[in-house]
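1. give the three-dimensional model of this entry:
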Amino acid sequence: MKSSRLLALALVVVAISAGLYWARTARSTDRFVSRGAEVGGRLLASYSSEPKSFNRLVSTLGADELISRLTQTTLVRVNRASGEVEPRLAREWSSSADGLTWTFKLQEGITFSDGTAFTSSDVLFTFAALYDPRVKSGMAPTLSVNGQPLEVKALDAHTVTIKFPSVFGPGITLFDTLPILPKHKLQAALDAGTFRDAWSATTAPSSVTGLGPFVLKSYSPGQSLLFERNRRFWRRDDQGRTLPYLDEIQIDIIPDMSAQVLRLESGTADLISDSIRPEDLAAFRKQEANGVVKLAEAGISIDPNVLWFNLRPGAPAANDRPWLQDEALRHAISYAVNRQTIVDTVYLGAAVPIFGPVTPGHGEWYLPDLPQTKHDPERARTLLRSIGISDRNGDGVSEDAAGKPARFSILTQKGSTQRERIAAILKEQLRIVGLTVDVVAADPGSLFARFQKGDYDSILFYAPVDSVDPARTPEFWMSAGPFHFWNPNQPRPATDWEATIDDLMRQMTTTLDRAKRRQLFEQVQRLLSAHLPVLHFAAPKVTIAMSARLRGAMPSVFDPPVLWNAEVLSLSGPHGGK
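-> Just a heads-up that it's a prediction; the model follows:
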């Protein structure tokens, strides 16, 4: 009864909100048409989590990346649909003969959203903040080569040179991730050593200044983010019209994906935060036929869910359960889990089984003949027995060598139905081989905090990536990386095999020979497979759903899948205006 009343109330609220929205949008008369779409209006989107900071250099959460993409701009951009490098703050560039030094000619006559002129000093400041040890930026490893920072100099107010410490395989594509920040706004904080606290989520939105297509107008914690057009944004479309097209983008914070889906289906939202769930596909197909939504196949996911155990030396979780850090446990789990069951049950067939972090979506980097642990419960039990875990009294529950139940917890994201369902399948299939699993669901912020503290047994989550090139994600592959999940930020490699992977990654990062790079990375994948610090089970096919009135979208497997090119999005139909 209580649930029915809550649902009825929710529907009333949605209806009232929709009515107010349509009434508001219908009043506009200040519109002009481009490519069949009406310029102006407010795009309504939803996202599953809220920001930790408005400063991208100090936070790598998905919400913070999204805010950065909307409010800031990079030197160059990698088009997520074509893979091509496009000009942004750098209008042109050239390379020295040895490929180490790049000269960038910057846009002239453009300003930050507060009217302050953009110059090369802002580029120098951003790199200085990035590499400042007090900032401890999680982006610093990704903007370094072999652990060495890039050398940035200004030749004049609109020319900078960036020198790589050695040849870098991915080239200047790495600059796609670094937003250029305003020196005049943040220099004082950097000098004072308070840069990590600058532009926190409690900062007044009016203080956040950028070169992006939108500015942050307001933020209501736990509710929504509202962005409005940056009227000083310098880019124009091929008809000479000022970008962005939209007046505003409203992003409502809705952790529950079912609620997000309901909004899109009801026409009260234009975008949801993630690809659609397989169980929603049939309903969306009908909505597409009715002209309410449109669907786009983006490809196979490149950031699949991953299970990892806490392998940090001295981890409290392993004090009385040393087997939690034993390699044989992870291999046993890999054999115990039927990946096809996850594909069929969680993704309704719209996925492929995988045995490592590199999926078919990574193209040339994918290794189809990577060793596969086929479903084999008896093999799993044999491996468990090798570390002292067996059912000693015949009750179906295994004990460890100390006679205690072989039990551990999986921490995962609350409200993510896919992760919760995968965790439930893992719990059931591991029960069959005698392991007892407790599934603990937490919001993303709490989950991340526990990860940072090392307060967990195992975690089922994911890490968004912004490139298929593995050299662009050293934070995962390198032992010193902050997202080397199982044992991050190692001062020196904890194992010989991690040291070997570090060396292989350094080699593949510092050669331009494509074939050589693939050969080196093949060795990396095989080493990771042999020691299995992370377990992968399935990579879903990515289908993006959006409002039928949305124009200009080029959906991608990268996050954010649609808002990465927000400046060219527009709305069609009678509600295109604000």
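2. other SSEs contacting the longest strand seen in the chain?
-> Taking DSSP state E as the assignment, the strand of the chain that covers the most residues is strand 538-547. When contacts are defined as 3 or more CB pairs under 8 Å, 6 or more residues apart in numbering; DSSP states H and E, strand 538-547 sits against helix 257-266, strand 293-300, helix 339-345, strand 351-353. Where C-beta positions appear, they are placed from N, C-alpha and C, glycine not excepted.
3. that one: how far from the chain's middle?
-> Chain-centre distance of strand 538-547: 15 Å, with CA atoms, centre = their mean, to the nearest Å.
4. now it against strand 293-300, angle please.
-> In this structure, strand 538-547 runs at an angle of 150 degrees to strand 293-300, with axes from the mean of the first three to the mean of the last three CA atoms, to 10 degrees as the basis.
5. per-residue confidence averaged over the helix or strand following strand 538-547?
-> Scanning forward in sequence from strand 538-547 by DSSP states H and E, the next helix or strand is strand 550-551. Across strand 550-551, pLDDT averages out at 96.
6. what count of nearby residues applies to the closest residue to residue 432 other than its chain neighbours?
-> Excluding the flanking residues, the one nearest residue 432 by CB to CB, 6 or more residues apart in numbering is residue 377, at 5.8 Å. Neighbour count for residue 377, taken as other CB atoms under 10 Å: 17.
7. make sure residue 377 is actually in contact with residue 335.
-> Yes: using CB atoms under 8 Å, residue 377 is in contact with residue 335, at 7.2 Å.
8. domain-wise, how is the chain divided?
-> Split into domains by automatic domain parsing, the chain comes to 23-50+222-301+542-571, 62-191, 306-539.
9. quick one: closest of those domains to residue 210.
-> Nearest of those to residue 210, taken as CB to CB: domain 62-191 at 4.0 Å.
10. end-to-end on the closest one?
-> Across its full length, domain 62-191 reaches 28 Å end to end, with CA to CA, to the nearest Å as the criterion.
11. again with stretch 258-274
-> The straight-line separation of the ends of stretch 258-274 (CA to CA) is 12 Å.
12. one step back: so can I have a markdown table of the domains of the chain showing distance to residue 212?
-> Below are the domains of the chain laid out as a markdown table (distance: least, CB to CB, whole Å):
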| stretch | distance to residue 212 |
| --- | --- |
| domain 23-50+222-301+542-571 | 6 |
| domain 62-191 | 4 |
| domain 306-539 | 16 |
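13. which helix or strand contains residue 86?
-> Residue 86 is part of strand 85-87 when elements are defined by DSSP H and E.
14. after that strand, heading C-terminal, what element do we hit next?
-> The first helix or strand that comes after strand 85-87 along the chain, using DSSP H and E, is strand 90-95.
15. neighbouring strands for that next one, and are they parallel or not?
-> Strand 90-95 has the following sheet partners, assigned by DSSP bridges: strand 101-106 (antiparallel).
16. hmm, back to that, contacts only, for the residue nearest to residue 432.
-> Residues near residue 377 by CB atoms under 8 Å, 6 or more residues apart in numbering: 335, 336, 432, 433.
17. now do residue 199
-> 53, 54, 55, 186, 207, 208.
18. nearest to residue 383 among these?
-> Once CB to CB is applied, the member of those that ends up nearest residue 383 is residue 53, at 42.6 Å.
19. so the closest one bridges to which residues?
-> Note on residue 53: beta-bridge partners residue 200, judged by DSSP bridges.
20. that one reaches residue 64, doesn't it?
-> Yes: if you go by CB under 8 Å, residue 53 and residue 64 touch, sitting 5.7 Å apart.
21. what about residue 191, which SS state?
-> Following DSSP: H, G, I helix; E, B strand; the rest coil, the label given to residue 191 is helix.
22. do you know how far it is from residue 390?
-> Residue 191 sits at a distance of 61 Å from residue 390 (criterion: CB to CB, to the nearest Å).
23. next one: phi and psi at the residue nearest to the spatial centre of the chain?
-> Nearest to the mean C-alpha position of the chain, by CA atoms, centre = their mean, lies residue 464 at 2.5 Å. Backbone torsions for residue 464, taken as degrees, to the nearest 10, come to phi -60, psi 140.
24. who does the closest residue to residue 219 other than its chain neighbours form a beta bridge with?
-> Take residue 219 and drop its neighbours on the chain: the residue closest to it by CB to CB, 6+ apart is residue 225, 5.2 Å away. Beta bridges link residue 225 to residue 219, residue 251, judged by DSSP bridges.
25. list the contacts of residue 225.
-> 47, 50, 51, 67, 216, 218, 219, 250, 251, 253.
26. any idea how far residue 259 is from it?
-> On the measure of CB to CB, residue 225 and residue 259 end up 17 Å apart.
27. for residue 367, same thing?
-> 39 Å.
28. now residue 349: which helix or strand?
-> Counting by DSSP H and E, no helix or strand carries residue 349.
29. nearest spatial neighbour of it, chain-adjacent residues omitted?
-> In space, not counting the residues next to it along the chain, residue 349 is nearest to residue 343; the distance is 6.4 Å by CB to CB, 6+ apart.
30. surely that neighbour and residue 351 touch.
-> Yes: Residue 343 is in contact with residue 351 according to CB under 8 Å; the separation is 4.6 Å.
31. any shared contact partners between the two?
-> Counting by CB under 8 Å, 6+ apart, the shared contacts of residue 343 and residue 351 are residue 538.
32. more crowded one of those two?
-> Legend: neighbour count by other CB under 10 Å for residue 343 and residue 351, higher for residue 351 (25 against 21).
33. partner residues bridging the more buried one?
-> Residue 351 has these beta-bridge partners by DSSP bridges: residue 540.
34. just for the chain, where's the confidence low?
-> For the chain, applying pLDDT under 70 flags the ranges 1-38, 573-578.
35. now do the SS call for the residue of the chain positioned farthest from its centre.
-> Within the chain, the residue lying farthest from the chain centre (CA atoms, centre = their mean) is residue 393, at 45.4 Å. Secondary structure assignment for residue 393 (three-state DSSP): coil.
36. which one is it nearest to, not counting chain neighbours?
-> With CB to CB, 6+ apart, the residue lying closest to residue 393 is residue 399, at 7.8 Å.
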